[in-house]
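Enquirer: mind looking at a prediction? Sequence and model below.
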Amino acid sequence: MDELLLSKIRLGAIAELLNADWVTFGALQKAIGTTNGNLGAHLAKLVEAGYISEEKTFVERRPQTRYRLTEIGRGAFIKHVTEMQALLKRAQ
Amino acid sequence: MDASEAQDHIEMVDRILTRAEGPLCLSAFPFIIWGLAGAVMNVVVQLVIVQHYTVWLYAVAAGTLFLAVGLSIVWGQRLRGAERRTLVDRQVFYAFNMAWVIAFIAQIGAGNIFAQWAQAGLWLLMYGAAMIFVAILVRSLPVFIGGSILLAALVVANFSLPFAGYVLAAGDVIGMTGTGIVLYATRR
């Protein structure tokens, strides 16, 4: 299994991005329900691994950070979920 | 990771994906604005070509076009403040903008081929096709019916050339603006 996606917060963030073109940091925080610092640290790990990309922009003069899922991240997510499903099947 | 943890993670992923796949809310604004703008332009073309009113009416059409473009830009700027954009949002955005750009290029660059009513028909054809594509994409019956009305208006106009501009304008109002009103009335 993918070590990076064993964290529920990181897995949740990838799932949030799966059907999205982009999602802001604020929206991810609301959806996942964690603190700024905690989410920031998890997202930084995903960015570093190339699973998601980060884009900083300004909206009405306020900074906004948007995240997009990369092809590497999409592939890793699908593989990880498939492996979790296989684990569940074996356990049943 | 053990089985119960895997179960917990898969359930969370399911919840997130189910929420993301919920009914999509298309914005009513572009349908209303472009339906009305298209109708004004078709009525102007009818008055100039068939009823031989002054060509200065084209200034009204140009003004309407600029107003619609301006309002669309303002609307687009407001959307920039959104917290997320789905993949479907992006496809819908490209479908309508490509329809607009292709019709505009054909109108400006191929005026001899798309002469008179063909120019007006081209806009309905492109928007009708874009609406049907979007309707299938987001599974929206009102948008599918609206797109079909635009195409039906083309057929009806083809058999009523003396009133073609009015028929196409009616297609714009019923098919596009009507769809926008339905989307607005049923928004969540």
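Expert: Cool, the structure landed.
Enquirer: who's in contact with stretch B:44-51?
Expert: B:53-55, B:57-58, B:60-61, B:116-117, B:119-120, B:162-166, B:169 (CB atoms under 8 Å, 6 or more residues apart in numbering or on different chains). Just so you know, the C-beta spots here come from the backbone N, C-alpha and C atoms, and that holds for glycine as well.
Enquirer: inside helices: which ones of these?
Expert: B:57-58, B:60-61, B:117, B:119-120, B:164-166, B:169 (DSSP state H).
Enquirer: quick one: least confident of the residues you listed?
Expert: Taken together, the ones in helices among the contacts of stretch B:44-51 show their lowest pLDDT at B:Tyr58, with 81.
Enquirer: ok, now which ones touch it?
Expert: Applying CB under 8 Å, 6+ apart to B:Tyr58 gives the contacts B:44, B:48.
Enquirer: and for B:Met98?
Expert: If you count contacts by CB under 8 Å, 6+ apart, then B:Met98 has B:Ala130 around it.
Enquirer: all the helices of chain B, residue numbers only.
Expert: Using DSSP H, helices in chain B cover B:3-20, B:29-49, B:57-79, B:87-109, B:117-138, B:141-158, B:164-171, B:178-185.
Enquirer: buried sites along the fourth one?
Expert: Counting neighbours by 16 or more other CB atoms under 10 Å in any protein chain shown, one finds that the buried residues in helix B:87-109 are B:88-89, B:92-93, B:95-96, B:99-100, B:103, B:106.
Enquirer: repeat for the second one
Expert: By neighbour count with 16+ other CB under 10 Å, helix B:29-49 contains the buried residues B:29-48.
Enquirer: that helix vs helix B:164-171, what angle?
Expert: Put simply, helix B:29-49 runs at 170 degrees to helix B:164-171, going by axes from the mean of the first three to the mean of the last three CA atoms, to 10 degrees.
Enquirer: ok, back up a step: show the buried residues in the ones in helices among the contacts of stretch B:44-51.
Expert: The neighbour-count test (16+ other CB under 10 Å) marks B:57, B:61, B:117, B:119-120, B:164-166, B:169 as buried among these.
Enquirer: contacts for the least confident helix or strand in chain B by mean pLDDT, please.
Expert: Here the helix or strand of chain B ranked lowest by mean pLDDT, DSSP states H and E is strand B:84-86, holding a mean of 80. Strand B:84-86 has contacts (CB under 8 Å, 6+ apart) with A:19-24, A:27, B:20, B:24.
Enquirer: mind putting the buried ones among the ones in helices among the contacts of stretch B:44-51 into JSON lines with distance to chain A?
Expert: Formatted as JSON lines, these follow (distance: CB to the nearest CB, whole Å):
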{"residue": "B:Leu57", "distance to chain A": "39"}
{"residue": "B:Ala61", "distance to chain A": "33"}
{"residue": "B:Trp117", "distance to chain A": "38"}
{"residue": "B:Gln119", "distance to chain A": "34"}
{"residue": "B:Ala120", "distance to chain A": "34"}
{"residue": "B:Ala164", "distance to chain A": "40"}
{"residue": "B:Gly165", "distance to chain A": "39"}
{"residue": "B:Tyr166", "distance to chain A": "40"}
{"residue": "B:Ala169", "distance to chain A": "35"}
